[in-house]
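Colleague: Sharing a sequence plus its predicted fold:
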Number of protein chains: 2
Amino acid sequence: MALEHAILVSLLEKPGSGYELSRRFERSIGYFWTATHQQIYRVLKRMEQDGWIDVRDVPQQGRPDKKEYSVTGPGRAALSGWLHEPVEPESVRHDLAVKIRGAVFDDPAALIREVERHRQAHADRLTHYLAGEQRDFTGPGADAPLDAGQELQHVVLRGGIAYERMTIAWLDDVLATLHRLRPAP
Amino acid sequence: MALEHAILVSLLEKPGSGYELSRRFERSIGYFWTATHQQIYRVLKRMEQDGWIDVRDVPQQGRPDKKEYSVTGPGRAALSGWLHEPVEPESVRHDLAVKIRGAVFDDPAALIREVERHRQAHADRLTHYLAGEQRDFTGPGADAPLDAGQELQHVVLRGGIAYERMTIAWLDDVLATLHRLRPAP
DNA sequence: CTTGTCTATGCAACGAGTTGCATAGCAAGA
DNA sequence: TCTTGCTATGCAACTCGTTGCATAGACAAG
């Protein structure tokens, strides 16, 4: 279970509320680790009980108050411990691959629109990544040398970019294959 | 929930027992959908109750008897229905990416061995994929034209190969970054 | 002043996934 | 014969993740 650790990393990068964390999990962090707000609130409560994080009530103007969480010494130590443990390679769940292999028992051509939909989603995400890279790392104003944290964020982002490019190319391969299988009219 | 559907596809490709399915989930199917034997046995029981699959007791020589499952008409229909529904793009869980971003709060250099371990695992898997491709699709004796099912299996395998190649290249990028961050001795 | 939208937090119920354990047939080798 | 190892199936307990619902403050539009 690593949601705790993903939250620790995010809170170390910048303290924030459960709501803010759930927003971050929709964008940057969410690209390699998903979580809903219910999961986050529940885990935050447990982490607070375990003494990994502190809460601070923050009154706000123009919006409801929030609880801002920040990482404690023991929380940092817990992250450190996890960083030094080996993790197993990710377990994958690719619905689309199951569908492609299953398509032969139904109608392969019917999958084309679904694959195109996925291709579009990945293309959108790639655009989004590239914009983020331009903004934070390679654009104008990025002349200043990056610190270690930025370097590491950048290499993770490059991983996301490579993943999306590979996926788009593969989906094009899938589409070509599906079209080839379609009997000529 | 798509474990049911992955099992339907696998049983349509070839009927088999829970044990055999769990072996398949360790190899071919397991590369894009993981499941343990407990999960499989439990779901098989439910699928049988729902009338998606039939059981047949098969006595064996030199080993315990087994229950061989095969897909029924309603099971096939259930798969068909699912194939025509849109699925959401996969949810990702990359422990390693969390670790990389977290490394700055600990010791980036300590991650190098972990990343090398992952690189090795992906290189092994790539070798395995390529051997499978050679054996089933591109090797000698593959002159006969492939049927639709084989074409679709091949395109999924090509996806696995592309994924592993991309991942290995990215991990090399990560390693280079980690080495760059290490202060010169 | 009502409706909608965004911020902000949370409960309850359920289903999916993991871990540990248990049983049993059969074969090979020490 | 006793242990080891592979085949084969399964229960029980637990944790993780998802879905639906509920509440409430603040603001903007109609």
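Modeller: Done, it's in.

Colleague: other SSEs contacting the longest helix anywhere in chain A?
Modeller: The residue-count maximum for a helix in chain A (DSSP state H) belongs to helix A:148-181. With contacts taken as 3 or more Cβ pairs under 8 Å, 6 or more residues apart in numbering or on different chains; DSSP states H and E, helix A:148-181 sits against helix A:112-133, helix B:95-102, helix B:148-181. No exception for glycine: its C-beta is placed from N, CA and C like everyone else's.

Colleague: Now with 10 Å, please.
Modeller: Other helices and strands packing on helix A:148-181, by 3 or more Cβ pairs under 10 Å, 6 or more residues apart in numbering or on different chains; DSSP states H and E, are helix A:3-13, helix A:95-102, helix A:112-133, helix B:95-102, helix B:148-181.

Colleague: Average pLDDT for it, rounded please.
Modeller: What helix A:148-181 shows for mean pLDDT is 96.

Colleague: one step back: how about the helices and strands packed on helix A:148-181, which one is nearest DNA strand D?
Modeller: helix A:3-13 (4.5 Å; Cβ to the nearest atom of the strand).

Colleague: immediately after the closest one, which helix or strand?
Modeller: Per DSSP states H and E, helix A:3-13 leads on to helix A:18-24 as the next helix or strand towards the C-terminus.

Colleague: For that next one, buried residues please.
Modeller: Within helix A:18-24, the residues scored as buried using 16 or more other Cβ atoms under 10 Å in any protein chain shown are A:Gly18, A:Glu20, A:Leu21, A:Ser22, A:Arg24.

Colleague: For the second one, list the residues it contacts.
Modeller: Contacts were defined as Cβ atoms under 10 Å, 6 or more residues apart in numbering or on different chains; by that measure A:Glu20 touches A:Ser10, A:Leu11, A:Lys14, A:Ile40, A:Lys66, A:Glu68, A:Tyr69.

Colleague: If any of those residues are buried, put those into a PyMOL selection.
Modeller: To isolate in PyMOL the members of these that are buried, counting by 16+ other Cβ under 10 Å, one can use:
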select buried, chain A and resi 10+11+40+66+68+69
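
Colleague: Spit out the contact partners of A:Ile161.
Modeller: With the criterion set at Cβ under 10 Å, 6+ apart, A:Ile161 makes contact with A:Arg125, A:Leu126, A:Tyr129, A:Leu130, A:Gly132, A:Glu133, B:Trp170.

Colleague: I figured the third one was touching A:Phe32, is that so?
Modeller: Pointing back at A:Tyr129 there. No - look at A:Tyr129 against A:Phe32 with Cβ atoms under 10 Å: they stay out of range, at 11.5 Å.

Colleague: now the one residue sitting closest to the centre of chain A: how far from A:Val156?
Modeller: Nearest to the mean C-alpha position of chain A, by Cα atoms, centre = their mean, lies A:Tyr31 at 1.8 Å. Distance from A:Tyr31 to A:Val156, counting by Cβ to Cβ, to the nearest Å: 9 Å.

Colleague: any shared contact partners between these two?
Modeller: B:His94, B:Ala97.

Colleague: sorry, back to before: turn the helices and strands packed on helix A:148-181 into a markdown table, columns for distance to DNA strand D.
Modeller: Below are those laid out as a markdown table (distance: least, Cβ to the nearest atom of the strand, whole Å):
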| stretch | distance to DNA strand D |
| --- | --- |
| helix A:3-13 | 5 |
| helix A:95-102 | 12 |
| helix A:112-133 | 17 |
| helix B:95-102 | 11 |
| helix B:148-181 | 21 |
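
Colleague: A:Arg182: which of these is closest?
Modeller: helix A:112-133 (8.1 Å; Cβ to Cβ).

Colleague: which secondary structure elements does that closest one contact?
Modeller: Helix A:112-133 sits against helix A:95-102, helix A:148-181, with contacts defined as 3+ Cβ pairs under 10 Å, 6+ apart.

Colleague: Could you list the buried residues of it?
Modeller: So helix A:112-133, judged by 16+ other Cβ under 10 Å, has buried residues A:Ile112, A:Glu114, A:Val115, A:His118, A:Arg119, A:His122, A:Arg125, A:Leu126, A:Tyr129, A:Leu130, A:Gly132, A:Glu133.

Colleague: Repeat that for stretch A:70-90.
Modeller: A:Val71, A:Thr72, A:Gly75, A:Ala78, A:Leu79, A:Trp82, A:Leu83, A:Val87, A:Glu90.

Colleague: Where does the nearest residue to the second one once chain neighbours are set aside sit: helix, strand or coil?
Modeller: Using Cβ to Cβ, 6 or more residues apart in numbering or on different chains and skipping residues adjacent in sequence, the residue nearest A:Thr72 is A:Asp54, 5.6 Å away. Using DSSP: H, G, I helix; E, B strand; the rest coil, the structure places A:Asp54 in strand.
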